[in-house]
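Student: Pasting the sequence and the predicted coordinates here, then a few questions.
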Amino acid sequence: HDDAVEAIHAVTSSAAISAIIVPGGDQLGGGFATGSRDGVVKLWSTRFRHVKTFDLAEASVPPLAPAVLSVHIGLAEASSSSSTTTPGAAKIVRILCATASAEMYEIAKES
């Protein structure tokens, strides 16, 4: 981030979530989403390897006050049809974030 991190959400592995599948198909034992004052949301591995960046200023309707005050990683059970998917794995499907101007954004993993 180029500005202060205001929010962080972590997801760790458990019996129900044996791997987190991030964009690009990487399987991780968990991960983090962070949001900063400049309206940037980033996805990280458990070892804080940067995975993907989302800039709310690029949204079709940008926020009035872009500071991200809250982030949450939304998970869904991974399809068992994929040969690279760990059975019982979860995949990141969305990141929800709230801004200083009380706007809510849902970022799809494919964004």
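Tutor: Arrived safely.
Student: which residues in this structure form strands?
Tutor: Along the chain, counting by DSSP state E, strands occupy 5-12, 20-21, 27-28, 30-36, 40-45, 50-55, 68-77, 90-99, 104-108.
Student: Of the ones you listed, which shows the lowest average pLDDT?
Tutor: Lowest mean pLDDT of those: strand 20-21, a mean of 50.
Student: what bridges to Lys91?
Tutor: Beta-bridge pairing for Lys91 (DSSP bridges): Ile21, Ala76.
Student: Wait, it touches Ile73, no?
Tutor: No - Lys91 is beyond contact range of Ile73, at 10.4 Å (criterion: C-beta atoms under 8 Å). To be clear about C-beta, it is placed using only N, CA and C from the backbone, and glycine gets the same treatment.
Student: Could you double-check that His1 sits in contact with Ser36?
Tutor: Yes - counting by C-beta under 8 Å, His1 touches Ser36, with 4.0 Å between them.
Student: quick one, which of the two is more surrounded?
Tutor: For His1 versus Ser36, neighbours defined as other C-beta atoms under 10 Å are more numerous around Ser36 (20 against 15).
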